[in-house]
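*Asks:* 3D model of this:
(2 chains)
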There are 2 protein chains.
Amino acid sequence: MAVLCTQFVNAETINVADHGILPGQDVSLEVNQLIESVKGQSDITLHFPKGQYEFYPEKAVEMYRAVTNHDNSLKRIAFPLIGFKNITIDGGGSMFMFHGRISPIVVDNTEGVTLKNFSIDWERSFHDELPVVESNKKESYIVVEVDPVKYPHSISGGKMFSEKYNWQDKMGSNIVFDPETRAPIYNTKDYSVNFKSHTASLAGKNRIKIAAKFKASPPPVGSVLISYGTHPTSRLCPAIHTASSKDIKIEQVTVYNAGGMALIAERCENIHLDGMTVSSNDERLVATRADATHFLGCKGEIRVENSLFQHMLDDAINVHGAYVKINEYLGDNRFLCEISHFQQTGLIFAEPGDKVALLSRKTILPFFETSVTQAEIINENLVVVTVAETPKNLPEGPLSIENLTWNPDLVFKNNTIRENRARGMLITTKGSVLVEDNTISPQMHGILIEGDNNKWYESGAVENVVIRNNTFENPGFEGSENYPLYAAPLLTSEQHFGEGRYHRNIEFTGNTIKSFNGHLAYACSVDGLKIEDNTIEFSTDYPKIEDYPSIDLDYCENVTIRNNKSVGFDRELYIEQASDTSNVKITKNPGFKALEERTPALSVVTK
Amino acid sequence: MAVLCTQFVNAETINVADHGILPGQDVSLEVNQLIESVKGQSDITLHFPKGQYEFYPEKAVEMYRAVTNHDNSLKRIAFPLIGFKNITIDGGGSMFMFHGRISPIVVDNTEGVTLKNFSIDWERSFHDELPVVESNKKESYIVVEVDPVKYPHSISGGKMFSEKYNWQDKMGSNIVFDPETRAPIYNTKDYSVNFKSHTASLAGKNRIKIAAKFKASPPPVGSVLISYGTHPTSRLCPAIHTASSKDIKIEQVTVYNAGGMALIAERCENIHLDGMTVSSNDERLVATRADATHFLGCKGEIRVENSLFQHMLDDAINVHGAYVKINEYLGDNRFLCEISHFQQTGLIFAEPGDKVALLSRKTILPFFETSVTQAEIINENLVVVTVAETPKNLPEGPLSIENLTWNPDLVFKNNTIRENRARGMLITTKGSVLVEDNTISPQMHGILIEGDNNKWYESGAVENVVIRNNTFENPGFEGSENYPLYAAPLLTSEQHFGEGRYHRNIEFTGNTIKSFNGHLAYACSVDGLKIEDNTIEFSTDYPKIEDYPSIDLDYCENVTIRNNKSVGFDRELYIEQASDTSNVKITKNPGFKALEERTPALSVVTK
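*Replies:* Next up is the predicted model:
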């Protein structure tokens, strides 16, 4: 009882209005200073009376920040929540409106943070939306309408530039949205614009003609060309970045735009998202420039529920670790290690006490486990990792190292994912995973369980994944070979399978799929796969595709395919397996038929 | 005696060879780790057995660094001497050879550092040297020879690029050197290449044709075009950076190249350079890309002696402070201040206890002195400065603030400056200045005592400068209006003189000038100027110029011009003064004549 009282005595709610923080004006400096003034205190709540608060970069505090999956830089920050214990930002239903290059919320080295009841948006979005008003395939050009207030552009030296707050972006990455579906247009890849060699010219008031190469065809009249910048300046400003922190709650927070992801979390323990929304606003089609949520090297539990993720230009959620290269064994159990992916530079890969696995970079399979006694950061690329034990003989060939300690559990429940570019979910974690009662309408794969040590370097071969009672609507409307469930490590032609399977224990049960292509699941290098009690219903929302198996297996073992039901297709869906797959039980799947075993997928089995 | 013994006991000399640091291989990691290992100890000497040590960036420690007059960035560092007490790097006559973007030596937060007996060079210089083998004025092009090993270049999209360690530079700033004099060619400005709109094409093996606009004429055959990059990536790597440190000695150190200055010092107390050399090596014409030495906001004594500064692409020495803008009075003696120059961002302008002056940004004259009680850095551009007292009524118009505490004394003795681009010395400090027994052969002004609050924002109106017994050789061989001594604040047409003079007490005595133009001194807004006992001898080394007065005065008072002697000129040299100059005594100057008073220089006296 005494302890409880003490807590109440210490807890304090501050009305920000008492500190000159008022809607309708730039409050960056005042918010920075209020946060600074409560440093060293715990159990503080900063309460914002409802209103629209403006945040400009000019007077905001600044620090050099490495942010994984983003572009590292000296960043101006509106809410630097660094080194706190139990701090709450309660927006009271407010809009936090940002201007220019500023990072809204940075949480670092903090234990206990709650972000709730506010929205984040930018006055000028990081992407551009350009309605196509003329489309000429023969002469290979389009004419787009340019809103001079929302999406100002200029032309210089025959090139088109996007005008931002106080900088200019080259035209770069792009995708086409369909304003009817508010989602990427079917087969958007065909319309991609190669801006490297484009020529731009004025074509009337607020209209620009873009002559360029298009992948297959210029986007059609009525579609909207979305352009979203070039590396390395297009991912400078995620909306929320949490790092090296614990017990993070995000409740009733909406992110309408960001120069990066809505939430990027690294090396955090226990993150709970409840009622989070990532969405475009009423005046735009597109939300964030990258993923809605992304977690690298976290532990404890990631819980995401009652949330809506739509209109962003990348996945709704990605949970993974990092494969780090071993460059050299320095002796004395010391390894000179190199961060593998250029957008992971600056990552805190490991700290003393962490369990790590050494692994072959060819098979991505671990061969030795030990723990870290020292991790000495040399620079953003290199870290010298000292471990407790080293195998007597290190194998030949390139090696990598992964962190075993920082693999979180994941509960993803009662969420909606739709109308975004790319996948629904990416899951690579050794923790327990439950994906339940969600509605997922992904442009590419619904749930991708991948892992790779050659492109994104995302580690975390799964060990226990349950995906049940979800609804998938038109999964894969990108147009090509996409599946509601796609579980397979990504191997290059220089990598090969090892002795064991990469992933383990994946259950895909009781899901309903509304499908124009009849795809249910693809799995490769999985030991323990249960595909049961799913219903797949034919949908006419997109052109039907009949090119691929409904269920397809490569190099798997211990697979059960049972009680799945196909409804409304004018053909039998088929189940395929390669001859390197073993112990597959296929029973009672009305509307499905099992084909003869086919040869293994040679492109990956080049042992 | 006891104290002395203790010091001897603590002092330690470490032979770096005992720590695996050997010539002929990359030792960045090992040097970093050795330095890290002696952290917390004092009176340490790291001794390098003579040899050539290689430093690559890949394994070097890294930190975000703001470096005044350079480009701030995340920097890899070979010698991070941060937080030490009495540390010596004794190179034993070694060559420290750098590769790529790496900062050789960074001294910060250190008391007592000695750098001695080594040379710094880069395998691939930051600038390019391109001999001109064809020059066509009519068709406006040149052909240059490209050494594929020392100065590799490429052509892409009709543009020429300089290939560096692991990056590519656009062609940008450029100057022409004369290989005969090993100095900038006479009238080099005429030959400047506008690379923005150039067209490059191959013109035979290792030859590139550059079609472009030239200022007046393409550089002549036999001259060497020097190109040195574009902002903001051309000043990332000064050779030696010292900041917030005290008692710094640099002895017998040679700098052959740098991606910036040879030495940049900011907020340091007592710096002693003895036997420092900045020079090109045998295979190049040019040394550093910017100044040899540069000091911003230092105090105590700067002593430079027995040193040689030649072939660099900017001044030999520049000593100054910074004018910082006052953006807003926040009340409670608090001023929101903004760093004025983009290459001063991140500067520590003031700390508690520093004396500061408030001044008009129009006249650059101070009107109030007080001291700093708090300096709260907001970001690289802004700092909130709280002062002890504020005048009851702040004047109208834009204000600035300057730091009075950090104004060093300067002794510059027995040095040689020659064959560089730009000025010999720039002096703006309120401390005592003695410039004695030097040989100075500057391309522009010999000694520029300037100060400005509109372009470089260099503060430090002088109060006591003695320049005596120096030899100036062909000062101003740039070709235009340059003087051995040029003392005048730089005012724009929007600024004007105030009640008092800007500079005070300048003595220019006993100097010998070998001169093709007859120029001795120009002074403006100086109170107390003594020009005595100087000898100016006619030189035929460059085309003679007769356009300007030998001595010229604007808005000065209390001036003595006495016992100066002109030798070998076929005309009388003349002394001019504007009518806003008062109390000028001109006596016994054989070979000189005083002209009638002229009207004041209107461009600056627009009160």
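*Asks:* alpha carbons only for contacts and neighbour counts from here, please
*Replies:* Fine.
*Asks:* downstream of the worst-scoring helix or strand of chain A on mean pLDDT, the next helix or strand is which one?
*Replies:* Ranked by mean pLDDT, DSSP states H and E, the weakest helix or strand in chain A is helix A:2-10, scoring a mean of 46. Next helix or strand after helix A:2-10 toward the C-terminus (DSSP states H and E): strand A:12-15.
*Asks:* what helices and strands are in contact with the helix or strand following that following strand?
*Replies:* The first helix or strand that comes after strand A:12-15 along the chain, using DSSP H and E, is helix A:28-37. With contacts defined as 3 or more CA pairs under 8 Å, 6 or more residues apart in numbering or on different chains; DSSP states H and E, helix A:28-37 has these neighbours: strand A:73-82.
*Asks:* show me what the strand it packs on is in contact with.
*Replies:* A:28, A:31-32, A:35, A:55, A:57, A:60-66, A:101-110, A:236, B:379 (CA atoms under 8 Å, 6 or more residues apart in numbering or on different chains).
*Asks:* in chain A, where's the longest strand?
*Replies:* strand A:85-98 (DSSP state E).
*Asks:* quick check: angle from that strand to helix A:28-37?
*Replies:* Counting by axes from the mean of the first three to the mean of the last three CA atoms, to 10 degrees, strand A:85-98 points 180 degrees away from the direction of helix A:28-37.
*Asks:* can you give me the angle the helix or strand following strand A:85-98 makes with helix A:28-37?
*Replies:* Later in the chain than strand A:85-98, the nearest helix or strand by DSSP H and E is strand A:103-108. Comparing the axes of strand A:103-108 and helix A:28-37 via the same axes, to 10 degrees yields an angle of 10 degrees.
*Asks:* tell me if strand A:103-108 is near chain B.
*Replies:* No. Using CA under 8 Å from any CA of the partner chain, strand A:103-108 stays clear of chain B, coming no nearer than 13.6 Å.
*Asks:* list the strands paired with the helix or strand that that strand is followed by, with their directions.
*Replies:* Following strand A:103-108 in sequence order, the next helix or strand is strand A:111-122 (DSSP H and E). Sheet pairing for strand A:111-122, assigned by DSSP bridges, gives strand A:85-98 (parallel), strand A:246-255 (parallel).
*Asks:* and after strand A:111-122, which helix or strand comes next?
*Replies:* Next element after strand A:111-122 (DSSP H and E): strand A:128-136.
*Asks:* can you list the buried residues in that next one?
*Replies:* Along strand A:128-136, these residues count as buried under the neighbour rule (16 or more other CA atoms under 10 Å in any protein chain shown): A:Asp128, A:Glu129, A:Leu130, A:Pro131, A:Val132, A:Val133, A:Glu134, A:Ser135.
*Asks:* likewise stretch A:67-87?
*Replies:* For stretch A:67-87, by 16+ other CA under 10 Å, it's A:67-82, A:84-87.
*Asks:* one step back: now, among the buried residues of strand A:128-136, which is nearest to chain B?
*Replies:* Nearest to chain B among the buried residues of strand A:128-136 is A:Asp128, at 27.3 Å by CA to the nearest CA.
*Asks:* what's the burial count for the closest residue to A:Val176 other than its chain neighbours?
*Replies:* The spatially closest residue to A:Val176, leaving aside those adjacent along the chain, is A:Leu225, at 4.6 Å (CA to CA, 6 or more residues apart in numbering or on different chains). If you count neighbours by other CA atoms under 10 Å in any protein chain shown, A:Leu225 ends up with 25.
*Asks:* same question, the one 10 residues further on
*Replies:* Per other CA under 10 Å, the neighbour tally for A:Arg235 reads 23.
*Asks:* pLDDT wise, what is the residue nearest to it when sequence neighbours are not counted at?
*Replies:* Sequence neighbours aside, A:Gly260 is the residue nearest to A:Arg235 in space, at 4.5 Å (criterion: CA to CA, 6+ apart). The score at A:Gly260 is 98. That number is its pLDDT.
*Asks:* hmm, A:Gly260 is touching A:Ala290, no?
*Replies:* Yes. Counting by CA atoms under 8 Å, A:Gly260 touches A:Ala290, with 5.0 Å between them.
*Asks:* enumerate the residues of the stretch 201-350 of chain A near chain B.
*Replies:* Counting by CA under 8 Å from any CA, the stretch 201-350 of chain A has no residue next to chain B.
*Asks:* now A:Thr405, what's its secondary structure?
*Replies:* At A:Thr405, secondary structure determined by DSSP: H, G, I helix; E, B strand; the rest coil is coil.
*Asks:* before we move on, the earlier item: now the helix or strand that contains the residue nearest to A:Val176: average pLDDT?
*Replies:* Using DSSP H and E, A:Leu225 sits within strand A:224-227. Throughout strand A:224-227, pLDDT has a mean value of 98.
*Asks:* and stretch A:568-584, by the same measure?
*Replies:* 96.
*Asks:* show me which residues of it are buried.
*Replies:* Quick answer for stretch A:568-584 (16+ other CA under 10 Å): A:Phe569, A:Leu573, A:Tyr574, A:Ile575, A:Glu576, A:Gln577, A:Ala578, A:Ser579, A:Asp580, A:Thr581, A:Ser582, A:Val584.
*Asks:* check stretch A:438-455 too.
*Replies:* A:438-454.
*Asks:* keep only those of those residues that are in helices.
*Replies:* Within those, no residue falls in helices by DSSP state H.
*Asks:* the residue lying closest to A:Ala183 once chain neighbours are set aside: how many residues sit nearby?
*Replies:* In space, and not counting its chain neighbours, A:Ala183 is closest to A:Glu419: 4.2 Å by CA to CA, 6+ apart. By other CA under 10 Å, the residues close to A:Glu419 number 26.
*Asks:* how close does A:Glu419 sit to A:Asp554?
*Replies:* For A:Glu419, the distance to A:Asp554 equals 30 Å [CA to CA, to the nearest Å].
*Asks:* check A:Asn166 too.
*Replies:* A:Asn166 is 51 Å from A:Asp554, by CA to CA.
*Asks:* what's the span of stretch A:280-296, first residue to last?
*Replies:* End-to-end for stretch A:280-296, by CA to CA: 25 Å.
*Asks:* go through it and flag the buried ones.
*Replies:* A:280, A:284-296.
*Asks:* farthest pair within those residues?
*Replies:* A:Arg284 and A:Leu296 (29.4 Å; CA to CA).
*Asks:* state the distance from A:Phe126 to A:Thr254.
*Replies:* Where A:Thr254 is concerned, A:Phe126 sits at a distance of 17 Å (CA to CA).
*Asks:* my read: A:Gly568 touches A:Phe538, true?
*Replies:* Yes. Counting by CA under 8 Å, A:Gly568 does reach A:Phe538; the two are 5.0 Å apart.
*Asks:* domain ranges for chain A?
*Replies:* Domain ranges of chain A: A:2-124+A:237-314, A:128-227, A:321-403, A:409-594, per automatic domain parsing.
*Asks:* who's A:Ser135 bridged to?
*Replies:* A:Ile142.
*Asks:* which single residue of the stretch 201-350 of chain A ends up nearest chain B?
*Replies:* For the stretch 201-350 of chain A, CA to the nearest CA, closest residue to chain B: A:Leu336, 9.5 Å.
*Asks:* now the phi/psi pair for that residue, please.
*Replies:* phi -80, psi 110 (degrees, to the nearest 10).
*Asks:* contacts only, for it.
*Replies:* A:Ile326, A:Asn327, A:Glu328, A:Tyr329, A:Leu330, A:Leu382, A:Val383, A:Val384, A:Val385.
*Asks:* now swap in A:Pro352 and tell me
*Replies:* Counting by CA under 8 Å, 6+ apart, A:Pro352 has contacts A:Ser371, A:Val372, A:Thr373, A:Gln374, A:Ala375.
*Asks:* with neighbour count, pLDDT and secondary structure as added columns, please give the contacts of A:Leu336 in a markdown table.
*Replies:* Below are these laid out as a markdown table (neighbours: other CA atoms under 10 Å in any protein chain shown; pLDDT from 0 to 100; DSSP: H, G, I helix; E, B strand; the rest coil):
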| residue | neighbour count | pLDDT | secondary structure |
| --- | --- | --- | --- |
| A:Ile326 | 24 | 98 | strand |
| A:Asn327 | 16 | 97 | strand |
| A:Glu328 | 14 | 95 | strand |
| A:Tyr329 | 15 | 96 | strand |
| A:Leu330 | 12 | 94 | strand |
| A:Leu382 | 26 | 98 | strand |
| A:Val383 | 25 | 98 | strand |
| A:Val384 | 21 | 97 | strand |
| A:Val385 | 25 | 98 | strand |
